[in-house]
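K.L.:
prediction below, plus the sequence it came from.
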Amino acid sequence: MRFLHTADWHVGKTLKGHSRLDEQERVLREIVRLVRAQELDAVLVAGDLYESAAPSAAAQKLVVRTLMALADTGAEVIVIAGNHDHAATLDAYRPFAGAAGITLVGAVRPVDQGGVIEFVARTGERVTVAVLPFVSTRYAVRAAELVTNTPAEHTSAYDQQLRDILGLLTSGFRTDAVNLVMAHLTVLNGTFGGGERSAQSIFEYAVPATVFPLDAHYVALGHLHRRQVIAAPCPVYYSGAPLAVDFGEQEYEPVVCLVEATPTTPARVTDIPITTARRLRTLRGTIDELGTFAGTVGDDLLRVWVREPAHAGLRDEVIDLLPNALEVRIDPEFATAVTGSRPTIGVGIERTPLELFGEYCATRNTDDPRLNALFARLHDRVTGGA
Ligand SMILES: [Mn+2]
């Protein structure tokens with residue numbers, strides 16, 4: 001059987017206040033076209049459909065249409081909640097989704113109540129999918145009790161609780177079926193992309209790759225945004241996000257994983273590049289150097305680090321040169337004080353606010369009479385010209 005593994009769509013995520021819904025739509029359409037052309041048996045979406053627990057109507061519309069289009073190709077569509085998704089809301093829509101041929105799994109479910117999904121592929125092969133949506137450390141004890149039906153040791157660690165849950169969910173794996181696991185979590189030694197929510201990626205949440213059973217033909221993970229293979233007893237993959245979610249993720253090419261698996265052979269994984277999102281790039285240089293990039297950056301979304309001291313109107317100069325700059329910053333090297341001394345503000349000498357502002361600018365290596373004039377005008381406005 002053949003299926004597609006993707007995750008971390010983060011629909012609704014903005015970048016420095018810039019909406020990327022149009023890009024997210026292009027990327028999801030690209031995925032739907034791919035699934036249709038390849039006549040796949042299943043699509044596994046391993047969590048973080050949305051950026052937010054309360055996504056906008058536009059974000060929900062895009063996700064609903066995408067999942068409907070995927071189901072319309074004849075593929076089994078299985079979606080688990082990530083830490084960004086609102087698990088209870090996904091579960092509330094589970095009956096609707098189910099009627100449309102889409103399996104939504106918000107919270108962890110016992111084996112006989114949707115924790116394991118079985119279907120038959122176009123090839124006639126039996127497929128078993130154990131589904132483990134994101135489990136917070138706070139919820140892990142209850143989740144373990146719910147699935148294993150035994151009071152979990154409250155002292156037992158998060159990784160042991162997840163091991164217990166996965167042990168039960170995968171206990172029905174059969175030698176004559178393709179056995180798959182889907183989960184949204186951090187595996188120890190995984191490489192972060194940069195856009196993950198750090199509080200839920202720290203050590204206490206991480207599990208060793210040995211929690212996955214030897215007889216899994218493929219483990220489809222979400223949460224880390226970089227596509228990667230984890231050293232484990234069975235094939236464990238993060239598909240990564242299909243578009244770079246933040247500037248920290250600009251250096252790698254987003255993909256989805258196309259997987260071919262049979263009950264008796266190791267899974268074959270092919271990366272399919274996803275190309276319709278705009279590239280994220282960081283440019284560094286003086287205003288003159290940045291000028292040489294103008295006209296060469298296409299529609300790339302830019303973060304610009306200016307390598308010269310700040311002056312009035314600098315941001316506008318950069319935007320004029322590079323209209324796609326979402327963020328303009330002074331390179332830290334040039335933002336630090338160069339005089340080495342701080343003004344002795346208020347030590348026995350009365351200074352006007354304008355003088356103090358001028359001294360402050362001097363410590364930042366910024367000397368521009370226009371800036372002083374602007375400050376004076378603003379100061380007059382808020383103090384009534386007094
Ligand atoms: Mn996540």
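P.N.:
Received the coordinates, thanks.

K.L.:
going forward, measure contacts and count neighbours with C-alpha atoms only.
P.N.:
Will do.

K.L.:
give me the number of residues near the residue in the chain that the ion sits nearest to?
P.N.:
Closest approach between the chain and the ion, counting by CA to the ion: H223, at 3.7 Å. Neighbourhood size, H223 [other CA atoms under 10 Å]: 30.

K.L.:
how about the contacts made by it?
P.N.:
Counting by CA atoms under 8 Å, 6 or more residues apart in numbering, H223 makes contact with 7-8, 46-48, 82, 184-186, 196, 238, 240.

K.L.:
of the residues you listed, which belong to strands?
P.N.:
184, 186, 238 (DSSP state E).

K.L.:
just the residues you listed now: which is nearest E39?
P.N.:
Set against E39, the nearest of the ones in strands among the contacts of H223 by CA to CA is Y238 (22.4 Å).

K.L.:
relative to N83, how far out is that closest one?
P.N.:
Note on Y238: its distance to N83, by CA to CA, to the nearest Å, is 15 Å.

K.L.:
tell me which of the two has more neighbours.
P.N.:
Y238 (31 against 24).

K.L.:
please name the bridge partners of the more buried one.
P.N.:
L221, Q228 (DSSP bridges).

K.L.:
my read: C257 touches V236, true?
P.N.:
No - in this structure, C257 is not within contact of V236 by CA atoms under 8 Å, at 11.8 Å.

K.L.:
how is the protein divided into domains?
P.N.:
In terms of domains, the chain is parsed into 2-273, 278-335, 337-386 (source: automatic domain parsing).

K.L.:
A helix includes R381, no?
P.N.:
Yes - the assignment for R381, made by DSSP: H, G, I helix; E, B strand; the rest coil, places it in a helix.

K.L.:
what's the burial count for it?
P.N.:
Neighbour count of R381, defined by other CA under 10 Å: 11.

K.L.:
distance of it from L356?
P.N.:
For R381, the distance to L356 - CA to CA - is 18 Å.

K.L.:
now for L132, how many residues are close by?
P.N.:
Neighbour count of L132, defined by other CA under 10 Å: 28.

K.L.:
please read the previous query as pertaining to T366.
P.N.:
Considering only other CA under 10 Å, T366 is surrounded by 18 other residues.

K.L.:
I'd assumed it was in a helix, is it?
P.N.:
No - secondary structure of T366 (three-state DSSP): coil, not part of a helix.

K.L.:
enumerate every residue touching it.
P.N.:
T366 makes contacts with 309-311, as judged by CA under 8 Å, 6+ apart.

K.L.:
got CSV for those, with distance to the ion too?
P.N.:
Output for these, formatted as CSV (distance: CA to the ion, whole Å):
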residue, distance to the ion
P309, 38
A310, 37
H311, 40
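
K.L.:
which helix or strand contains E118?
P.N.:
Assigned by DSSP states H and E, E118 belongs to strand 116-120.

K.L.:
let me redo that: E350
P.N.:
Going by DSSP H and E, E350 is not in any helix or strand.

K.L.:
okay, it: pLDDT?
P.N.:
As predicted, E350 sits at a pLDDT of 70.

K.L.:
report the separation between it and T175.
P.N.:
From E350 to T175 the distance is 85 Å (CA to CA).
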